[in-house]
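In: everything below, folded, please.
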Amino acid sequence: AWKANILPSVNTDGTIQSLVSVNQAAGMSIVKWTSTSSSSDTIGHGLGVKPDVVLYKKFSASGSWFWYTDVIDGSWDELVLNSNSAKSDFAGTYATSTTFKSVTSSAGANWMTYCFASIAGFSKIGTYTGVSSGVTITTGFRPSFIMVKSSSNVENWAVLDTTRGSGKVINPNLSNAQSDSALNTFTVSDTGFSFPDQSIADAMLNENGYQYIYMAFRENPPQPPISSGYMEYLVVAGGGGSSADSGGGAGAGAGGLRTSYGSVSGGGASAETAITLATGTYTITVGAGGAAYDGATTSQNGVASTI
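Out: As a prediction, this is how the structure comes out:
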């Protein structure tokens, strides 16, 4: 699941007031709003940047999941998450860095909208073209979750992830159970993901000449909790000095570190013991770099930071 802000806020950027839960660092926002009889209304999303994908669904009555994106060809297109249809063109601009369009005249209907923007090293929304010999997609990180749809052809949506593993796929547009087949094979690397030769890959993932859109996310594991009554710390040593005539100087060397947070400290050693908090004043001193070597001394180490 994507973690948005636990404290929603009122957004008045659009002609319709919305309630938004935003995590700009993760590139996503969840928006609740009520439509009017005007399909030209706009709704604020709070991302601060133009979303790459806007997905919305009416929850006060039955209806489809609508998916809007300008990633495919630079202009806005529409896909339907509960349909296997290819994309259709949307006339005009659907979303900006502050708002998206209502495109419905269903007065009084309640909607939930999910907006996504690519974040370097964490998420990527992009396209690729199927290749008969296999295709590799570069994301810049090791993806844990991948969602794929052929934008040019009638094919099912596919959701893949590293938790369930290669071969297993869920089709959001179908009501069937998970499929487990070699046709759904995928591999991931530290820079992206790949699908095999089209002869052993389902056409919903790789078919020569087909155009595809994808959403890929890297797992963001939770940070270790800090126990009540304790303070974690990081102590950094100032860099050691080096000879000025060799291009260095004071603090030119690399500084080391020791920390109690997490499981590993500097140099791969086990983490230090956290500090037990007590009433008082804590002074943090940042260690200075070592002085430049002047020929008269043999050691010019940096000074450790202290708490």
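In: please make it C-alpha for all contacts and neighbour counts, starting now.
Out: Will do.
In: residue 118 and residue 25, how far apart?
Out: 10 Å (CA to CA, to the nearest Å).
In: tell me which of these two has more neighbours.
Out: Between residue 118 and residue 25, counting by other CA atoms under 10 Å, residue 118 is the more crowded of the two (21 against 11).
In: I'd like to know how far that one sits from residue 170.
Out: Residue 118 is 23 Å from residue 170, by CA to CA.
In: again, but for residue 59
Out: 23 Å.
In: who's more crowded, these two?
Out: A side-by-side neighbour count of residue 59 and residue 170, using other CA under 10 Å, places residue 170 first with 19 against 13.
In: surely that one touches residue 177?
Out: Yes: applying CA atoms under 8 Å, one finds residue 170 in contact with residue 177, separated by 7.3 Å.
In: enumerate the positions of stretch 57-77 that are buried.
Out: Neighbour counts over stretch 57-77 (16 or more other CA atoms under 10 Å) mark 57-58, 65-72, 76-77 as buried.
In: tell me the one of those residues nearest residue 225?
Out: Nearest to residue 225 out of these is residue 57 (CA to CA; 35.6 Å).
In: let me know the distance separating the residue lying closest to residue 6 once chain neighbours are set aside from residue 28.
Out: Leaving aside its sequence neighbours, residue 6 sits nearest to residue 21 (CA to CA, 6 or more residues apart in numbering; 6.9 Å). Residue 21 is 9 Å from residue 28, where distance means CA to CA.
In: shared neighbours, those two?
Out: Residues touching both residue 21 and residue 28 by CA atoms under 8 Å, 6 or more residues apart in numbering: residue 4.
In: what residues are up against residue 120?
Out: Taking CA under 8 Å, 6+ apart as the definition, contacts of residue 120 comprise residue 140.
In: need phi/psi at the closest residue to residue 50 other than its chain neighbours.
Out: In this structure, residue 50 finds its nearest non-sequential neighbour in residue 97, 3.8 Å apart by CA to CA, 6+ apart. Dihedral pair for residue 97: phi -70, psi -10, per degrees, to the nearest 10.
In: what is residue 194 paired to in the beta sheet?
Out: Residue 194 forms beta bridges with residue 136, residue 187, as assigned by DSSP bridges.
In: wait, is residue 106 part of a strand?
Out: No: Residue 106 is assigned coil when assessed by DSSP: H, G, I helix; E, B strand; the rest coil, not a strand.
In: any regions of this structure where pLDDT drops low?
Out: 1-3, 221-223, 233-258, 264-268, 284, 286-307 (pLDDT under 70).
In: okay, how far is it across stretch 57-76, tip to tip?
Out: Stretch 57-76 end-to-end distance (CA to CA) = 18 Å.
In: go on, stretch 124-139?
Out: Terminal residues of stretch 124-139 lie 6 Å apart, using CA to CA.
In: name the nearest residue to residue 218, sequence neighbours excluded.
Out: Excluding its sequence neighbours, the residue lying closest to residue 218 (CA to CA, 6+ apart) is residue 143, at 4.4 Å.
In: and for the one you found, the neighbour number?
Out: 26.
In: that one contacts residue 192, correct?
Out: Yes: using CA under 8 Å, residue 143 makes contact with residue 192 at a distance of 6.3 Å.
In: in stretch 89-100, what counts as buried?
Out: 94-96, 98-100.
In: how many neighbours does the closest residue to residue 260 other than its chain neighbours have?
Out: Once flanking residues are discounted, residue 260 sits nearest to residue 272: 4.2 Å by CA to CA, 6+ apart. By the criterion of other CA under 10 Å, residue 272 has 18 neighbours.
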